[in-house]
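Asker: Build the 3D model from these lines:
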Amino acid sequence: MARGGGEWGIHKAVRGKWCCSYKKTTLIVCCINIVIALYVLRSLYASLYIYSDRDSHLAVEYTPDQIRKMEESVRIRKSAEPLELIRLVKQLKKELSDEHSVGVELPESLKLKLTNEIIDKLKTLPPKANVSEQRDFAERWCTEKLEQAKQVVHERGTLNSTISLEEAVMLVKALESDRTQMLEDIGLWIPSEVVNNEHDDKPEGELGDELDEILPGRPLPPECHAELHTDYDGAAVRWGLNHHKESAADCCQACLVQAKRAKPNEKKCNVWVYCPAEDGCHSPDIYEHRLGECWLKFAETPKLNFKDKYPESYRRSHPSAPVLVPWASGIVGAA
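Answerer: Residues are numbered from 1 along each chain as shown. Here you go, the predicted model:
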């Protein structure tokens, strides 16, 4: 009995000693970790201090004489600046920006609505309407459209109209700023009266030879009366946008055939207009006119849109226009 108690006492003493050793070991490990962490932090701080100190040493220190020379250099450079030229350039930029900001760009959906509407209105004009009558019609239509747009704006879009309040606001601005530009944007262009005094001092037959040399394709029949660099006006019997021919002779032939086959109540072609330029032909409308376009037209008294060269006033308002009129035209059956 005494022996058993002694063994139990020994076991308890060993267990207590072991527990005490475990606590000491844990404490020592924690102390070591703390020391290592402090060392790492000190190393990081020291490295940051070294780099900042190094950067401060890289700063260049100038002497008072060098500073004075630099200030003198800056003063001389500023005094040499063309202040008046800079002021004029800034003023010119402002004027140009104001000039370009006058026009109002209408959305494509509104342009399409206006184009369809004015095409329907144009059908009410008599076939023999001259340029002045067409211009008066366009002016009346613009005034009427402006009043309608203002009414839509005044009614805050509650008025039953084909255009929305936002479109009405843009239309009012476009019509009040530049009606001519707005009409051209929707594809309506009414030419001014063109008076051309032609002087043909070439020998008879020489003009036809020159046309055959320049215009591609087969020779032109005499009844086509072809004229280079010429664009005749007239009511379109056949739109050239989707009517292409291989040559001016073919375009003229198409005009002759249409006039022969036209019904009694249909307009007969007596004017043909052809685009012989590989890069396409200029026109003040919104469409892109390509090589081979053949326009068949009718006019009681054919009138010129343009002849030989575009006027300087026209080229100033249409910067993309070439010097020479690219179209070739003819009046069928002209004397």
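
Asker: how far away is residue 270 from residue 130?
Answerer: 17 Å (Cβ to Cβ, to the nearest Å). Where you see a C-beta, it was placed from the backbone N, CA and C, and this is true even at glycine.

Asker: Work out for me the element the closest residue to residue 148 other than its chain neighbours sits within.
Answerer: Nearest residue to residue 148 in three dimensions, chain neighbours excluded: residue 161, at 7.0 Å (Cβ to Cβ, 6 or more residues apart in numbering). In the assignment (DSSP states H and E), residue 161 maps to no helix and no strand.

Asker: ok, residue 161 - how many residues close by?
Answerer: 15 (other Cβ atoms under 10 Å).

Asker: repeat for residue 135
Answerer: The number of residues packed near residue 135 is 15, by other Cβ under 10 Å.

Asker: Let's test this: mean pLDDT of the helix or strand that contains it, rounded?
Answerer: Element membership of residue 135, judged by DSSP H and E, is helix 131-154. In this model, helix 131-154 carries a mean pLDDT of 82.

Asker: So which elements touch that helix?
Answerer: Counting by 3 or more Cβ pairs under 8 Å, 6 or more residues apart in numbering; DSSP states H and E, the packing neighbours recorded for helix 131-154 are helix 108-122, helix 165-177, helix 179-185.

Asker: Residue 270 and residue 130: which is more packed in?
Answerer: Neighbour tally, residue 270 and residue 130, criterion other Cβ under 10 Å: the higher count belongs to residue 270, 23 against 14.

Asker: can you give me how far stretch 152-162 is from the chain middle?
Answerer: 30 Å (Cα atoms, centre = their mean, to the nearest Å).

Asker: pull the CA atoms of it into CSV?
Answerer: Provided in CSV are the C-alpha atoms of stretch 152-162 (Å, rounded to 0.1, in the frame of the first residue of the first chain):
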residue,chain,number,x,y,z
VAL,A,152,-45.7,71.6,-81.8
VAL,A,153,-43.2,73.3,-79.5
HIS,A,154,-45.8,75.7,-78.1
GLU,A,155,-48.2,72.8,-77.4
ARG,A,156,-45.4,70.8,-75.7
GLY,A,157,-45.8,67.9,-78.1
THR,A,158,-49.4,67.3,-77.2
LEU,A,159,-50.5,68.3,-80.7
ASN,A,160,-51.3,65.5,-83.1
SER,A,161,-48.3,65.7,-85.5
THR,A,162,-46.0,63.5,-87.5
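
Asker: mind listing what's buried in that stretch?
Answerer: 152-153 (16 or more other Cβ atoms under 10 Å).

Asker: Mind listing residues that contact it?
Answerer: Here stretch 152-162 makes contact (Cβ atoms under 8 Å, 6 or more residues apart in numbering) with 113, 117, 148, 151, 163-165, 168-169, 172.

Asker: what about 7 Å?
Answerer: Contacting residues not belonging to stretch 152-162 are listed as 113, 148, 151, 163-165, 168-169, 172 [Cβ atoms under 7 Å, 6 or more residues apart in numbering].

Asker: still on that earlier bit, got TSV for the helices and strands packed on helix 131-154, with mean pLDDT, distance to residue 32 and mean neighbour count too?
Answerer: Converted to TSV, those look like this (pLDDT from 0 to 100; distance: least, Cβ to Cβ, whole Å; neighbours: other Cβ atoms under 10 Å):
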stretch	mean pLDDT	distance to residue 32	mean neighbour count
helix 108-122	82	79	15
helix 165-177	82	77	18
helix 179-185	77	85	18
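
Asker: how about those, which one is nearest residue 24?
Answerer: Nearest to residue 24, of all those, is helix 165-177, at 85.0 Å by Cβ to Cβ.

Asker: name the helices or strands packed onto that closest one?
Answerer: Helix 165-177 sits against helix 131-154, with contacts defined as 3 or more Cβ pairs under 7 Å, 6 or more residues apart in numbering; DSSP states H and E.

Asker: sorry, back to before: from residue 113, how far off is the residue nearest to residue 148?
Answerer: Relative to residue 113, and taking Cβ to Cβ, residue 161 is found at 11 Å.

Asker: So residue 296: helix, strand or coil?
Answerer: At residue 296 the chain is in strand, as set by DSSP: H, G, I helix; E, B strand; the rest coil.

Asker: pretty sure residue 283 is in a strand, no?
Answerer: No. Per three-state DSSP, residue 283 lies outside any strand segment and is coil.

Asker: Surely it touches residue 289?
Answerer: Yes. Using Cβ atoms under 7 Å, residue 283 is in contact with residue 289, at 5.3 Å.

Asker: Comparing the two, which residue is more hemmed in?
Answerer: The residue with more neighbours, out of residue 283 and residue 289, is residue 283; 22 against 19, by other Cβ under 10 Å.

Asker: just the helices in the stretch 201-335 of the chain please.
Answerer: 206-214, 248-261, 312-317 (DSSP state H, counting those that start in this stretch).

Asker: Doesn't residue 31 lie inside a helix?
Answerer: Yes. Under three-state DSSP, residue 31 falls within a helix.

Asker: Please report how far it lies from residue 180.
Answerer: 93 Å.

Asker: Likewise for residue 165?
Answerer: 25 Å.

Asker: what do you get for residue 286?
Answerer: According to Cβ to Cβ, residue 286 stands 14 Å off from residue 180.

Asker: give me the low-pLDDT residue ranges for the stretch 201-335 of the chain?
Answerer: 201-214, 333-335 (pLDDT under 70).

Asker: Fine by me, we can end here.
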